[in-house]
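> predicted coordinates and the sequence they were generated for:
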Amino acid sequence: MEKGFLAIVLHAHLPYVRHPEHDYFLEEQWLYEAITETYIPLIHLFEGLEHDRVPFRVTMSLTPTLTAMLSDELLQQRYVKHIDRLIELASLEVDRTRFQPAFRETALDYYWQFTRAKETFCGSYGRNLVGAFKGFQDRGRLEIITSAATHGFLPLVRTDAAVRAQIGVAVEQYRNTFHRNPPGIWLPECGYFPGVDEMLQEHGIRYFITDTHGILHASPRPKYGVYAPLYCPSKVAAFGRDLESSKQVWSSVEGYPGDYRYREFYRDIGFDLDYDYVRPYITADGIRTNTGIKYYKITGPTNHKEPYSRSAALEAAAEHAGNFMFNREKQAEFLNGFMGRKPIIMAPYDAELYGHWWYEGPAFLDFLIRKIAYDQNTIRLVTPTDYLKEYPVNQVSTPSMSSWGWKGYSETWLSGANDWIYPHVHKATLRMSELSDRYAGRNGGIRRALKQAARELFLAQSSDWAFIMHTGTMVPYAVKRTKEHLLNFNAIYEGLNAENLDMNWIGELESRNNLFESVEPALFQS
């Protein structure tokens, strides 16, 4: 009775934000919030499914920058301090709401959630969340894929050597972390251009995921659209995103997350409660910010908000999981009828949508996976590798340049708000190849300087800074980071040319921007 396959792909990524030079840094909260609200809830989800012996297969990317941050001892220590403060605040909230029945249950839920998060982080996994996900992969539940080194938007990285370096460093880090080769890659921002697949093939990567129009505009035209992969001439498979399943989850207007029963993201006690009360739990300089404790549901399109009910929200999540499954069943039945083979429905999402932005997202996934396992026989959860084993013969075609950004191409990362960065990044990219060629095989201080120059260039190439500038959120920080890494790189370049490097300063950079310890400057050789 099986008619098709569903591949859920969760893209877990954050830009590299680590500031040991400060005791507290606001943007590091991005990581701490994602750990509490997304990564640990996903671990709990997978643990529960394993405990109940529910069969499941899910694909998840862990980008090199995220893996580096989750494995960093300083950030691990700071997360413990962060969760301790949340537990303390939640304890105060349990006491404050003791005579407010509309909020009391939610306050208790937060206290339980935070204390359980600390136990999972410190106790169950010894601060090693990467190891937790690795365990699910080793037991055959997850398929973990990689991404480019610092999530550089590859169509705009400029040189083949620099693209190869972004891919090569990612593959090397994956091997060191997971003790196997990455089966696939999430191209940053789903940014594909013809030829990048050849570089993936050089590193043994079997497949990548691209946006819908990258497949639909392929040459020659794909026989099955996005419901079967294409093989590029390099023999690397390209899987395309299914628009229908994406829209049901992504859209806050038409999709499930906009249901009025779900928790309202933009009402947080960091802004709602008395300043003196929340002052110890917001930013170090006293600026109000989100704490993660929110008491209201979406309610409606107006500013009027009613108290949140977890039980009502879980009912909504169960309803939506059933609806999502039903739609995928009908979709698979329809497609199977004229394809003559089982279609694969690719459903890729940012992992942080589940839990952080959509509080009930992990519960939705839990309901969905269990329903697929026990309530139907039409579709089966698979990974891209599973599908390629089932259908090793596929059409050969070349996808078109594409991304999942606004308008589908490069405009999000090349707009009036951020186009100033590219002449500088491209010049630094060419200079990195120049240095790699000139100092090939050198050791000692020169090799240390070259390795740090590569790190600074990688960080400047991150797609996150251009994205932030385009969307207009936290723009000063994104500009600062871009300029800082470019200035660091150029100072190293000029110091090498003048033969007057300050190795104490190089040591400071190595301590601050310390990712990719084993990076090889030879990757950039022209």
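Thanks, I have it.
> next, residue 144: phi, psi?
The phi and psi values for residue 144, taken as degrees, to the nearest 10, are phi -90, psi 130.
> that one bridge partners, please.
Note on residue 144: beta-bridge partners residue 60, judged by DSSP bridges.
> state the distance from it to residue 137.
From residue 144 across to residue 137, the span is 5 Å (Cβ to Cβ, to the nearest Å). Any C-beta I mention is one placed from the backbone N, CA and C, and that applies to glycine too.
> how about the contacts made by residue 170?
Residues in contact with residue 170 (Cβ atoms under 8 Å, 6 or more residues apart in numbering) are 63, 64, 146, 147, 148, 149, 182, 185.
> could you list the domains of this protein?
Residue ranges for the domains of the chain, per automatic domain parsing: 4-71+128-243+311-407, 414-524.
> mind picking out the helix or strand in the protein with the poorest mean pLDDT?
Taking mean pLDDT, DSSP states H and E as the measure, the chain has helix 243-250 as its least confident helix or strand, at a mean of 89.
> residues making contact with that helix?
6, 212, 254-257, 323-324, 327-328, 331, 345-349, 353, 358.
> just checking, next helix/strand downstream of that helix?
Downstream of helix 243-250, the next assigned helix or strand under DSSP states H and E is helix 269-272.
> please identify the buried residues of that following helix?
Residues 269, 270 are the ones in helix 269-272 that count as buried (16 or more other Cβ atoms under 10 Å).
> what is the particular helix or strand that has residue 114 in it packed up against?
Using DSSP H and E, residue 114 sits within helix 101-118. The helices and strands touching helix 101-118, judged by 3 or more Cβ pairs under 8 Å, 6 or more residues apart in numbering; DSSP states H and E, are helix 73-96, helix 310-339.
> what residues of the last one count as buried?
Going by neighbour count (16+ other Cβ under 10 Å), the buried part of helix 310-339 is 310, 313-314, 316-318, 320-321, 324-325, 328-329, 331-332, 335-336, 339.
> what's the closest of the helices and strands packed on helix 101-118 to residue 461?
Of all the helices and strands packed on helix 101-118, helix 73-96 sits nearest to residue 461, with 21.6 Å by Cβ to Cβ.
> okay, the angle between the closest one and helix 101-118?
Angle of helix 73-96 versus helix 101-118, following axes from the mean of the first three to the mean of the last three Cα atoms, to 10 degrees, is 160 degrees.
> identify the residues contacting helix 73-96?
18, 20, 28-29, 31-32, 35-36, 69-70, 104, 107-108, 110-111, 114-115, 117-118, 121-122, 127, 269, 277-278, 280-281, 291-293.
> which phi and psi does residue 446 have?
Main-chain dihedrals, residue 446, degrees, to the nearest 10: phi -60, psi -40.
> can you offset everything so residue one is 896?
From this message on, residue numbering opens at 896, which makes the last subject residue 1341.
> what distance do you get for the residue nearest to it when sequence neighbours are not counted to residue 1118?
Nearest non-adjacent residue to residue 1341, counting by Cβ to Cβ, 6 or more residues apart in numbering: residue 1334, 5.4 Å away. Counting by Cβ to Cβ, the gap from residue 1334 to residue 1118 is 50 Å.
> ok, the two, which is more surrounded?
Higher neighbour count among residue 1334 and residue 1118: residue 1334, with 16 against 12, using other Cβ atoms under 10 Å.
> wait, what's in contact with the more buried one?
By Cβ under 8 Å, 6+ apart, the contact list for residue 1334 reads 1341, 1342, 1345, 1391, 1416.
> so which of these are in strands?
Using DSSP state E to define strands, no part of the contacts of residue 1334 is located there.
> CSV for those residues, including distance to residue 1270?
Formatted as CSV, the contacts of residue 1334 follow (distance: Cβ to Cβ, whole Å):
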residue, distance to residue 1270
1341, 63
1342, 58
1345, 57
1391, 63
1416, 54
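> now, of the residues you listed, which are buried?
1341, 1345, 1391, 1416.
> for the residues you listed, which one is nearest residue 1195?
Nearest to residue 1195 out of the buried ones among the contacts of residue 1334 is residue 1416 (Cβ to Cβ; 56.6 Å).
> tell me who's in contact with the closest one.
Counting by Cβ under 8 Å, 6+ apart, residue 1416 touches 1327, 1330, 1331, 1334, 1342, 1345, 1346, 1348, 1349.
> in a markdown table, list these along with distance to residue 1111 and pLDDT.
Listed next are the contacts of residue 1416 as a markdown table, based on distance: Cβ to Cβ, whole Å; pLDDT from 0 to 100:
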| residue | distance to residue 1111 | pLDDT |
| --- | --- | --- |
| 1327 | 36 | 97 |
| 1330 | 42 | 96 |
| 1331 | 39 | 96 |
| 1334 | 46 | 93 |
| 1342 | 47 | 95 |
| 1345 | 43 | 97 |
| 1346 | 42 | 97 |
| 1348 | 40 | 97 |
| 1349 | 37 | 97 |
